[in-house]
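Asker: Turn this into a model:
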Amino acid sequence: MSNSIVVRRMPFAFSEPIAAIWNPARPEWSHMVNGASLTMPYLEPFLIKTVMEALPQVKDPQLKADVHAFVGQEGQHFQNHRRYNELLKRDYPDLADVEDELTAEYKKFQSKSFRWRLAYTAGFETMTMGITEWLIDARGMLFTGADPSVTSLILWHMVEETEHKNVAFDLYQDLHGDFWPRVWGVIFATAHVAWASRKAYKRMLIRDGSWSKLSSRLRLYAMVARFLIHTSPAMLRSLLPYYHPAKVHDPDWVAKWAKAYAALPEGGIPLLDTRDPEIPAQFAAG
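Answerer: From the prediction side, this is the model:
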């Protein structure tokens, strides 16, 4: 196992009832993140199942160890997102309809070829790097004044996406390596998860009565535009023939977060201080 891939057991405690608009200054952004969170308990088990199916074909012991670490991290991610999502659904019960659609879609995907599923897996994991770079670099704008538990959940997830950024890509290259299916995987997985997230946040904004308000819609479009402007370069870079995620410089904040987490007592929850616009990689045990 790569030393940089650490499986952390992270039982975040969320307030009950949860405030779905966890960043009062950015309600539309809050729901965009909520929408993405809703997909995780369906997406990440699919990724785990795919890489576990690949494992018997892997000869490299280091890659085998990395796959196991990937599974450990992704398992922690979707379990925390599932607990958060269950709280959201108390106020937004029609999110269950989106979950039913996700269940059906990933069941359908399971009938696709193994190469198809592995390309999707590698593609999604590749795409997350652009999101990680943006969320960490713009954390002050996106998370200042927000709920510390939700902020800490999201940024912890992004830290670990950085730590295991090579795994699905290396697995795909080891077992298939074809260029165009890899490109397709990035584009399709990105579009699929983005569309599923949109369906969820649209329902939440409708229930809030915001979807029909011009001011809310303009704020939403502005945030979507920011998202695209900041994440598209990384995604386009990943489509190049000689791309490898290991060549991408990780945000310094990631290493600081990992160091601070290592200093926490066992079982400590890394709650970030969202009152500080810098959102430093420092926390007290939760």
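
Asker: Output the below-cut-off pLDDT ranges for the stretch 1-150 of the chain.
Answerer: Along the stretch 1-150 of the chain, the parts satisfying pLDDT under 70 run over 1-3.

Asker: those strands in this structure, which residues are they?
Answerer: For the chain, applying DSSP state E gives strands covering 270-272, 283-285.

Asker: What pairs with the first one, parallel or antiparallel?
Answerer: Pointing back at strand 270-272 there. Sheet partners assigned to strand 270-272 using DSSP bridges are listed as strand 283-285 (antiparallel).

Asker: pLDDT averaged over the partner strand - what is it?
Answerer: Confidence over strand 283-285 (mean pLDDT, whole number) is 66.

Asker: Kindly report the same for stretch 192-209.
Answerer: Averaged over stretch 192-209, pLDDT sits at 98.

Asker: next one: stretch 253-273
Answerer: For stretch 253-273, mean pLDDT is 92.

Asker: Could the C-alpha coordinates of it be exported in PDB?
Answerer: Only the C-alpha atoms of stretch 253-273 are listed here, as PDB (Å, rounded to 0.1, in the frame of the first residue of the first chain):
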ATOM      1  CA  TRP A 253      -3.200  22.100   1.900                       C
ATOM      2  CA  VAL A 254      -3.700  18.400   1.300                       C
ATOM      3  CA  ALA A 255      -0.300  17.500   3.000                       C
ATOM      4  CA  LYS A 256      -1.000  19.900   5.800                       C
ATOM      5  CA  TRP A 257      -4.400  18.400   6.400                       C
ATOM      6  CA  ALA A 258      -2.900  14.900   6.500                       C
ATOM      7  CA  LYS A 259      -0.200  16.000   8.900                       C
ATOM      8  CA  ALA A 260      -2.700  17.700  11.200                       C
ATOM      9  CA  TYR A 261      -4.900  14.600  11.100                       C
ATOM     10  CA  ALA A 262      -2.000  12.400  12.100                       C
ATOM     11  CA  ALA A 263      -1.600  14.500  15.200                       C
ATOM     12  CA  LEU A 264      -5.100  14.000  16.300                       C
ATOM     13  CA  PRO A 265      -5.900  11.500  19.100                       C
ATOM     14  CA  GLU A 266      -7.200   8.200  17.900                       C
ATOM     15  CA  GLY A 267     -10.800   8.500  16.900                       C
ATOM     16  CA  GLY A 268     -10.600  12.300  16.600                       C
ATOM     17  CA  ILE A 269     -12.800  14.000  14.100                       C
ATOM     18  CA  PRO A 270     -11.000  16.600  12.000                       C
ATOM     19  CA  LEU A 271     -13.400  19.600  12.300                       C
ATOM     20  CA  LEU A 272     -12.200  22.600  10.400                       C
ATOM     21  CA  ASP A 273     -12.600  26.200  11.500                       C
END
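
Asker: Counting neighbours, what do you get for residue 14?
Answerer: The local packing of residue 14 (other C-beta atoms under 10 Å) involves 18 other residues. Heads up, the C-betas are built off the backbone N, CA and C, glycines and all.

Asker: That should have said residue 187, apologies.
Answerer: Number of residues near residue 187 (other C-beta under 10 Å) recorded here: 13.

Asker: same check, this time on the one 10 residues further on
Answerer: Counted with other C-beta under 10 Å, the burial measure for residue 197 works out to 21 neighbours.

Asker: and it, what does it touch?
Answerer: Going by C-beta atoms under 8 Å, 6 or more residues apart in numbering, residue 197 touches 32, 35, 36, 38, 39.

Asker: Check residue 257 too.
Answerer: With C-beta under 8 Å, 6+ apart, residue 257 has these contacts: 155, 156, 159, 270, 281.

Asker: Select from the residues you listed every entry located in helices.
Answerer: Within those, residues falling in helices by DSSP state H are 155, 156, 159.

Asker: Just the pLDDT at the second one, thanks.
Answerer: So that's residue 156. At residue 156, pLDDT is 97.

Asker: So it sits against residue 10, correct?
Answerer: Yes. Contact criterion C-beta atoms under 8 Å: residue 156 and residue 10 qualify, at 6.3 Å.

Asker: shared neighbours of the two, which are they?
Answerer: Common neighbours of residue 156 and residue 10 (criterion: C-beta under 8 Å, 6+ apart): residue 270.

Asker: what about the nearest residue to residue 185 once chain neighbours are set aside, distance to residue 180?
Answerer: Once flanking residues are discounted, residue 185 sits nearest to residue 123: 2.8 Å by C-beta to C-beta, 6 or more residues apart in numbering. Remark: distance between residue 123 and residue 180 (C-beta to C-beta, to the nearest Å) = 12 Å.
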